[in-house]
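Novice: model the following, please.
(chains A and B)
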Number of protein chains: 2
Amino acid sequence: MDAKSQKDIQEPIQKEKIEEKIDYETFSKVNLRTATVLEAERIPNSDKLLKMTIDVGYEKRQLVAGIASSYSPEEMIGKQIIIVANLQPRKIRGIESNGMLLAVQGSDEKIVLIAPETKGENGLRVQ
Amino acid sequence: MDAKSQKDIQEPIQKEKIEEKIDYETFSKVNLRTATVLEAERIPNSDKLLKMTIDVGYEKRQLVAGIASSYSPEEMIGKQIIIVANLQPRKIRGIESNGMLLAVQGSDEKIVLIAPETKGENGLRVQ
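Specialist: Numbering: from 1, shown residues only, chains lettered A, B, ... in the order given. Just a heads-up that it's a prediction; the model follows:
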């Protein structure tokens, strides 16, 4: 057994325990909002990326998300999602993405969107 | 028209525009996870608060949330929710709450839970 393997056994990754605790103020810096997908299309030469136009209530935006393995463009249209609304815009494959969509990925690799339990207004702040 | 009214017109609250932008690192400090409600009960002498036991996958926890105006204890049991998993525990009415449940409140005042679109594993990190 080499040193690395031994270390692995002696110090298993306890990510839940070492996670840094945050206060409410840190959480409140992250602006999560409801939004509805208006348009969606695959990004050429990518298996993972969808480009979407979303309605965040007070404005429309373009957003790129790596969900194409689990959601087709057609099934995204009309869905209400949750986005990080105040994230710095960034370019993904040269395409501007203004916000980030929330999702989880299970042990089966399937991506599942996070959404309000029942569809409602866009632009509502998640609290 | 008094000074205050005039100010309201000249400087409408543009909260979306003045919101501070954050980077991905700030978002990643907030640990959002899937969890399922195992038990739920009203907190005596409160119209708003429910006390719940939740399963976060790697542990069970007690959480207090102000959702009783829209959700009965009975309908919460078995629901999968999203929580801020690394929030400092705090006491609400003397009862420890370890985490915060995510929800939105529409203009009709109704509270709507945020949840995975389809129920899956507990403890998954929202990304």
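Novice: mind listing the strands for chain A?
Specialist: Along chain A, the segments classed as strands by DSSP state E run A:32-42, A:50-55, A:60-65, A:80-84, A:90-92, A:95-97, A:100-101, A:103-105, A:111-116.
Novice: in chain A, where is pLDDT below threshold?
Specialist: Applying pLDDT under 70 to chain A picks out residues A:1-18.
Novice: can you pull the contacts of residue A:87?
Specialist: Taking Cβ atoms under 8 Å, 6 or more residues apart in numbering or on different chains as the contact definition, residue A:87 lies against A:98-100, B:21-24, B:27. All C-beta spots, glycine's among them, are computed from the backbone N, C-alpha and C.
Novice: quick revisit: out of the strands of chain A, which is closest to residue B:94?
Specialist: strand A:32-42 (29.1 Å; Cβ to Cβ).
Novice: tilt between the closest one and strand B:80-84?
Specialist: Taking axes from the mean of the first three to the mean of the last three Cα atoms, to 10 degrees, one finds strand A:32-42 and strand B:80-84 inclined to each other by 110 degrees.
Novice: buried residues in strand A:32-42?
Specialist: A:32-37, A:40 (16 or more other Cβ atoms under 10 Å in any protein chain shown).
Novice: thinking again about what came up before, looking at the contacts of residue A:87, which is nearest residue B:89?
Specialist: Nearest to residue B:89 out of these is residue B:27 (Cβ to Cβ; 21.9 Å).
Novice: dump the buried residues of strand A:32-42 to CSV, plus distance to chain B.
Specialist: Output for the buried residues of strand A:32-42, formatted as CSV (distance: Cβ to the nearest Cβ, whole Å):
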residue, distance to chain B
A:32, 7
A:33, 8
A:34, 6
A:35, 11
A:36, 13
A:37, 12
A:40, 15
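Novice: one step back: what's the closest of the strands of chain A to residue A:124?
Specialist: Nearest of these (Cβ to Cβ): strand A:32-42, 4.6 Å.
Novice: rewinding a little: which pair of the buried residues of strand A:32-42 spans the longest distance?
Specialist: That would be A:32 and A:40, which, of those, are the farthest apart (Cβ to Cβ) at 20.5 Å.
Novice: picking up where we left off before, need the strands of chain A in JSON lines (columns: distance to residue B:80).
Specialist: Shown next, in JSON lines, are these (distance: least, Cβ to Cβ, whole Å):
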{"stretch": "strand A:32-42", "distance to residue B:80": "17"}
{"stretch": "strand A:50-55", "distance to residue B:80": "24"}
{"stretch": "strand A:60-65", "distance to residue B:80": "21"}
{"stretch": "strand A:80-84", "distance to residue B:80": "14"}
{"stretch": "strand A:90-92", "distance to residue B:80": "29"}
{"stretch": "strand A:95-97", "distance to residue B:80": "27"}
{"stretch": "strand A:100-101", "distance to residue B:80": "18"}
{"stretch": "strand A:103-105", "distance to residue B:80": "10"}
{"stretch": "strand A:111-116", "distance to residue B:80": "10"}
